[in-house]
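Asker: Have a look at this fold, sequence not included:
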């Protein structure tokens, strides 16, 4: 009887030890498995970060050409608005001149390239470039709306007041100035850019686009008022 009890006791002890060892091994396996999963996760993050960095570098390398194209678009739009502004000696622009103006098309390749930069850029630069694209869309919609109104024709009105062109000219100067501010980032001279052009930036853009005659003094005054309202 005693031998049987001793045997049962040893079996019970061994069973408990087996359970304990199994539990310890399970914990060790869990730690090893968790470490491996963590390692895999970290490696995946590093790989994703590397891909994002390479993608950003590739997209950024095209920026100088992209921005040059957008600035060329701004110059074409500015040249058209300048002709409209100077098309008459009085304070209005003939409706026929507006109807006959072919507004330059948006540079869709450039906007697509900028969107690719946004996806890989820092939050700060993504916001700056997003603002540029937003302003570009608004500018183009407003400009085409102006022409559509001229084509439809408002009853009893055949001309457009020049003062109404002021905001369109300032809009395109804003696009030009934003592109110019991004050139340093595009050339890797800096990793930041001004979110909003200052009044001096806008005046410089007007000058570079050809709005330097005394005929455009009123546009410059309107620009100064807008800059003051927006705190630029």
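Answerer: Looks like it came in fine. Here the structure is a predicted model, which is why all the values come from computation and not from measurement.

Asker: Look up phi and psi at residue 197.
Answerer: phi -60, psi 140 (degrees, to the nearest 10).

Asker: thought it was touching residue 177?
Answerer: Yes. Counting by Cβ atoms under 8 Å, residue 197 touches residue 177, with 3.6 Å between them. Quick note: C-beta positions are derived from backbone N, CA and C, even for glycine.

Asker: tell me, what's touching those two both at once?
Answerer: Common contact partners of residue 197 and residue 177 (Cβ atoms under 8 Å, 6 or more residues apart in numbering): residue 205.

Asker: What ranges in this protein fall below the confidence cut-off?
Answerer: For the chain, residues meeting the criterion pLDDT under 70 lie at 1-26, 28-31, 33-60, 154-158, 232.

Asker: That one - how does it break down into domains?
Answerer: As assigned by automatic domain parsing, the chain contains the domains 1-61, 62-229.

Asker: highest average neighbour count across those domains?
Answerer: Neighbour counts (mean count of other Cβ atoms under 10 Å) averaged over each of the domains of the chain peak at domain 62-229, with a mean of 16.

Asker: so how far is that domain from its chain's centroid?
Answerer: 16 Å (Cα atoms, centre = their mean, to the nearest Å).

Asker: dump the residue contacts of residue 204.
Answerer: 177, 180.

Asker: Now it: which helix or strand?
Answerer: Element membership of residue 204 [criterion: DSSP states H and E] is helix 199-208.

Asker: tilt between the very next helix or strand once past that helix and helix 199-208?
Answerer: Later in the chain than helix 199-208, the nearest helix or strand by DSSP H and E is helix 217-229. Put simply, helix 217-229 runs at 160 degrees to helix 199-208, going by axes from the mean of the first three to the mean of the last three Cα atoms, to 10 degrees.

Asker: and helix 217-229, what does it pack onto?
Answerer: Applying 3 or more Cβ pairs under 8 Å, 6 or more residues apart in numbering; DSSP states H and E, we find helix 217-229 packed against helix 162-186, helix 199-208.

Asker: Now do the strands in this structure.
Answerer: Along the chain, the segments classed as strands by DSSP state E run 92-94, 159-161.

Asker: Next, format these as a markdown table and append distance to residue 186.
Answerer: Shown next, in a markdown table, are the strands of the chain (distance: least, Cβ to Cβ, whole Å):
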| stretch | distance to residue 186 |
| --- | --- |
| strand 92-94 | 36 |
| strand 159-161 | 36 |
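
Asker: Nearest residue to residue 191 in space, ignoring adjacent ones along the chain?
Answerer: The shortest distance from residue 191 to any non-neighbouring residue, by Cβ to Cβ, 6 or more residues apart in numbering, is to residue 185 (6.7 Å).

Asker: er, residue 138 I mean
Answerer: Nearest residue to residue 138, sequence neighbours excluded (Cβ to Cβ, 6+ apart): residue 171, at 7.4 Å.

Asker: Cool, thanks, signing off.
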